[in-house]
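Participant: The sequence and its predicted three-dimensional model are supplied below.
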Amino acid sequence: MSAASWRRAMNAEAAARMPARPLPTQPSVVVGIDPSAPTTSRWLEFLRRELSVRHVVVLVGVLIYPFVASPFFTYQIGAQALALGLIALSLTLLAGYGGMVSLAQMTVAGLAGYLVAIFGESAATAISLNWPWWVAVPFAVALAVVFATAVGWLSVRTEGIYTIMITLAIGMALFYLAQQNYTLFNGHQGFNQLFPPKIGDVDFRAPVPFYYLALACALVGYFFVKHLVRTPFGVALQGIRDNPRRMRALGYNVMAHRVAAYALAGALAAVGGVLITWYNNRISPGSMGLGVMINILVIAVLGGMKRPIGAFVGAIVFVLLQNFAIDLVDRERFNLVIGGVFLVIVLSSRDGLLGLWAMVRSRFSLQSRNTNQWRHP
Amino acid sequence: MNVRKRRVWIRSLLGAAIAAALASPAWSQETLKIGLLATLEGPFAVPGQDCMRGADLALKEKKGMAGGKKIQFIKLSSDATPDKAVAATRKAVEQDKVPIMIGPLSGDEGIAVKNYAKTQPGVTFINGSSGAQATTLQDPAPNFYRFNTEGAQWMVGLGEHALGKGYKKMFLIAEDYGFPYSQVQGFMASYCAKGGKVVDKAWVPLGTKDYSSVIARIPKNVDALLVVLGGADAVNFLTQYEQTGGNKPMVGGSITVDQTVLNFKGKRRASLLGTPSAGPMADSIDTPQWRKFVADYRAAFKDGFPSPSLFAYLYYINTKATLDALDAVKGNLGDGHKAFRAALQKTNFQGPAGTVKIDANRNGVGTTYITEVSKAADGSFYNKVIKTVPNISQTLGLSDAEFKKMGLGSRDVPDCR
């Protein structure tokens, strides 16, 4: 896929200019945005349109969270959920909006983590290049995006279960490469002592600064996806999800759109991967093994893939379960609780926790009965 | 029931449930919580359960009390990955507020927990069964104690024993990660110094199924094979080596010649007789302390193994050392655990398999048992204790300077072709 043909695809789309349909509940919203308007005002317009009272409540909630929660809840629950949520968000973008279930998102994240270890500083002094973090991190993210694009380029030729299989195969291949390669990936042991940077007086190793770092990345990722799915590209992507043949007939380059979606999702996953590596202070092949690959899918499905917030809701529930299920039942059987909760949620709701929430609201609240829960398809 | 009423009802129900979930059980003041981490998931789930048994046994011997307080274990699980081990430890320390933490099971986990221990100077960490050299040799944490010996120490003395059997040239097959590196170093340190040669090393990934390329590499002129593989890997290698007609004798690592290998049913079964290996304990130790330990274990755990595993033993001695130290200070953990840590440092008791004490790096100095596969009266195979080597320190009998010069065990260290 050359950049030129991708650009051509985007131009074709700009000519078609397929605006998002006005929402029935918000008829006053102006949808057609003047393309000549400066970007800042476009973003303001976007925020004005998207932000509602509950957004502000949640935003204030997550901002004051570290001041009311213990360091344990700030770091191990809060920050970990945000980092995992960001990786799951990349899957939501691909699967929920693009219809492509990729298991390799954790692989992209893991590769970004490995690259930070290789370019930056770690205990394995023979391998690490000791670049400063502000060089190592952009390089790592960029290379991980290139990898994600390659994964996309390979797997967009397939549909449904075959996409899952091919991304699973890529993930396992990289896992075994990391496990057995000693010159670059340091084998089974991986890399230790990967610490987040110290900027001025702020040490991002401490729970509260790291939480805010993760929160900032998560917020940017969240609003990026929210914005993206309203752009012509995002709308076209959803069109491709629903009917690729028709979109092809309309003149869209289906493959280019899909590969671009992989690249964008790869960027989200890569940032999440760097965060989770800093969170663990280490990376080894197990950090991107089969178990964690599946965990990302579980988080995305658990939260619900119809809206970007689902990834974070799923991540919070997942992290809470992982930490506290062992307190509920017999020590040797706690995985049963985790599995049982997943099963109940997935069986009782067609869209994870978001779907469950919508069901609860429509049942117990008279007001919300006539509002449309599914604003975004 | 109208809607409003129903809503109130459901809300109060929800509120009650949340309140019940949040209210932590009220402990009486005499209870002391100790975190206990082992792997109850993943590849080491079964050994992990035996770890818990070992710790429970140590507590049971004290009737659940230490230092005048009732001891409550907060049990935690990991899946043998360092990430999970640190997450579980962090939960116990920061959420359940345990002052003392016991665990983890495997080597890489131990290094990760030791690094975490440095960020929690107010908590005392006791190792479970992890045996990586680097945990206490590289950048040790002042509040991390390991009463057991580690992988390299477990092999000390086996090198001389192999030379005594006339194995002057050997070929190495081992899994490619930290624990076998340590084991091989423990063997080679004395083996090479006394004139033995390890002509070539084959490092295979953990869980290798096909050994044909390794077997093809074995030179004709070696006297024996040093096989440091665990469980299924060892059986797979043995089966394939037999099929290709191999006939070299074997020397095993600490977890190589276990029950799965002893129950090996192939034609070469008889050739297993006399295979030496070494470890910090052996099933057939013939001392009253060991026999009592086995009897207590069997009485306490009907669902346990016929004889306590290595993991149960290691968790047992580490837990016992912790509880003894608590007794010595009468449960006083004030002043940043100062008195308690001094008592830990002074630990010196006769464990089931030899003396338990620690060095200045807070690492165990202990006994290694050299065993050989023998035939019991009923025809089954077992590891018979041939020799005990007491007082093995982490420098493997070398001086500090000599050991530093050699460095920690790795793929290429030590080397004597």
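Facilitator: Great, that's in hand.
Participant: Look at residue 243 and report its pLDDT.
Facilitator: Going with chain A. Per-residue confidence at A:Asn243 stands at 94 (pLDDT).
Participant: not what I meant, chain B
Facilitator: B:Gln243 is assigned a predicted lDDT (pLDDT) of 89.
Participant: what's the burial count for it?
Facilitator: Neighbours of B:Gln243 under the rule other CB atoms under 10 Å in any protein chain shown: 13. Any C-beta I mention is one placed from the backbone N, CA and C, and that applies to glycine too.
Participant: State the distance from it to B:Ala141.
Facilitator: Distance of B:Gln243 to B:Ala141, given as CB to CB, to the nearest Å: 48 Å.
Participant: cool, A:Gln238 as well?
Facilitator: Taken as CB to CB, the span from A:Gln238 to B:Ala141 is 52 Å.
Participant: Find the centremost residue of the chain, please.
Facilitator: The chain I'm using is chain A. For chain A, the residue nearest the mean C-alpha position is A:Leu89 (2.4 Å; CA atoms, centre = their mean).
Participant: should've been chain B
Facilitator: With distances taken as CA atoms, centre = their mean, the residue of chain B nearest its centroid is B:Ser129 (3.2 Å).
Participant: Name all residues that make contact with it.
Facilitator: B:Ser129 sits next to B:51, B:104-106, B:148, B:310-311, B:314-315, B:318 when contact means CB atoms under 8 Å, 6 or more residues apart in numbering or on different chains.
Participant: Please look at B:Val198 and B:Asp412 and confirm they touch.
Facilitator: No. Using CB atoms under 8 Å, B:Val198 is not in contact with B:Asp412; the gap is 11.5 Å.
Participant: Looking at those two, which is more packed in?
Facilitator: B:Val198 (21 against 9).
Participant: what sits against the more buried one?
Facilitator: By CB under 8 Å, 6+ apart, the residues touching B:Val198 are B:169-172, B:188, B:191-192, B:226, B:415-417.
Participant: in its sheet, what does the one helix or strand it maps to sit against?
Facilitator: Per DSSP states H and E, B:Val198 falls inside strand B:197-204. Using DSSP bridges, strand B:197-204 pairs in its sheet with strand B:169-175 (parallel).
Participant: Quick check: mean pLDDT of the strand holding B:Val198?
Facilitator: Averaged across strand B:197-204, pLDDT comes to 94.
Participant: Quick check: buried residues in that strand?
Facilitator: B:197-198, B:201-204 (16 or more other CB atoms under 10 Å in any protein chain shown).
Participant: and what of stretch B:37-53?
Facilitator: B:37-42, B:44-45, B:47-53.
Participant: try stretch B:331-340
Facilitator: B:331, B:333, B:337, B:339-340.
Participant: Give me the subset of these lying in helices.
Facilitator: Among the buried residues of stretch B:331-340, the members falling in helices are B:337, B:339-340 (criterion: DSSP state H).
Participant: Save those as a markdown table, and put in pLDDT and distance to A:Gly96 too.
Facilitator: As requested, these are exported to a markdown table (pLDDT from 0 to 100; distance: CB to CB, whole Å):
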| residue | pLDDT | distance to A:Gly96 |
| --- | --- | --- |
| B:His337 | 94 | 51 |
| B:Ala339 | 94 | 58 |
| B:Phe340 | 95 | 53 |
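Participant: And the helices in chain B?
Facilitator: B:3-22, B:45-61, B:82-90, B:107-117, B:134-137, B:158-164, B:178-193, B:212-217, B:231-243, B:259-262, B:288-300, B:310-328, B:334-345, B:400-406.
Participant: now the ones you listed in TSV, with distance to A:Leu268?
Facilitator: TSV is the format used below for these (distance: least, CB to CB, whole Å):
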stretch	distance to A:Leu268
helix B:3-22	33
helix B:45-61	34
helix B:82-90	21
helix B:107-117	27
helix B:134-137	35
helix B:158-164	52
helix B:178-193	34
helix B:212-217	41
helix B:231-243	39
helix B:259-262	45
helix B:288-300	52
helix B:310-328	41
helix B:334-345	44
helix B:400-406	46
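Participant: No more questions from me, cheers.
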